Every structure is written in C-alpha cells, then in structure tokens.
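Participant: predicted structure and sequence below. I'll ask about it afterward.
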Amino acid sequence: MAITLSDASREAIDSLLPALRRDLDRINAEIQRLRLRGEKQIAEREAKLKSARKLLQGPVKRKAAGFSMRHMQGVLLGITQGHSTRQIGQTLGISKTQVKRVVRGLFQNTGAKTRAELVAKSKRPVGL
C-alpha cells in the first residue's frame, strides 16, 4: 500500500528538512567534540603513567623499599593527579598507612621533600 502525500504535506516536510539537517550537523559536531575530549584525557593519563614509570625506573630502589611496582606506580600516579592518601589507598585497595609508607619510600629514593617536588621530578626525564 503506497502512501500519497498532498502538496501541502510535501511542502511542510520540505520546510522541515533544513532545520533537521542543521540539528543533525550540530549533533554530529557535539559527538566529535566529546570524542576528541575523551582522546585528550586518555593521552594525558598515558603521559602521566609514562612519567611515573620513568621516575620509578630511575633512582628508586624497589627491592630495598619492599613495595611492589604496582603500588609505587599507583601511588605516584595518584599524587600527580592530586588525590589524597585515602583516595589513593581506596583506588589501589591498600591502607592509608601503606600509602604513607610508599610515599615515604618515594621521598627517600628520589630526594623529594614534598608531594609537589615529587610530581615535578616525575615529569622530568630521569637522568637530567
């Protein structure tokens, strides 16, 4: 069964098409913007992880400190993201005390005296 449209119906539909196309273009632009923002956040997180790994491969004495690489990387990443000791512990599934021990070990092994200094050192390539 074919549907036939009157001339008035066709004109009404034709008048709506430009607005629908503009809306579709706006929605596609918004999707692209959100996609790019997500990619930027992923790239920033990967850069922070890379910095943390470089620092941990440098002067840190893992075995002597008695901490796993996962804990040290996680704590350092949490510090670079500005998380509290409690938040870092919850993320890694360890106690606040263990986080404090890892932070203390990072301070001793890097020579940093504050979290800000530790973050600054983690953003510099090791050996410079």
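Facilitator: Now that the structure is in, tell me what you want to look at.

Participant: now the helices for the protein?
Facilitator: Taking DSSP state H as the test, the helices found in the chain are 7-57, 62-65, 69-80, 85-92, 96-110, 115-123.

Participant: buried residues in the third one?
Facilitator: Spelled out, that is helix 69-80. Going by neighbour count (16 or more other CB atoms under 10 Å), the buried part of helix 69-80 is His71, Met72, Gln73, Gly74, Val75, Leu76, Leu77, Gly78, Ile79, Thr80. All C-beta spots, glycine's among them, are computed from the backbone N, C-alpha and C.

Participant: ok, now which ones touch the spatially most central residue of the chain?
Facilitator: Centrality entry for the chain: nearest residue to the mean C-alpha point is Arg45, 3.6 Å, by CA atoms, centre = their mean. Arg45 sits next to no residue when contact means CB atoms under 8 Å, 6 or more residues apart in numbering.

Participant: coming back round to it: dump the buried residues of helix 69-80 to CSV, plus pLDDT and distance to Val99.
Facilitator: Below are these laid out as CSV (pLDDT from 0 to 100; distance: CB to CB, whole Å):
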residue, pLDDT, distance to Val99
His71, 81, 8
Met72, 82, 11
Gln73, 84, 13
Gly74, 87, 9
Val75, 89, 6
Leu76, 87, 11
Leu77, 88, 12
Gly78, 90, 8
Ile79, 89, 10
Thr80, 86, 14
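
Participant: with respect to Thr4, which of those residues is nearest?
Facilitator: Set against Thr4, the nearest of the buried residues of helix 69-80 by CB to CB is Leu77 (64.8 Å).
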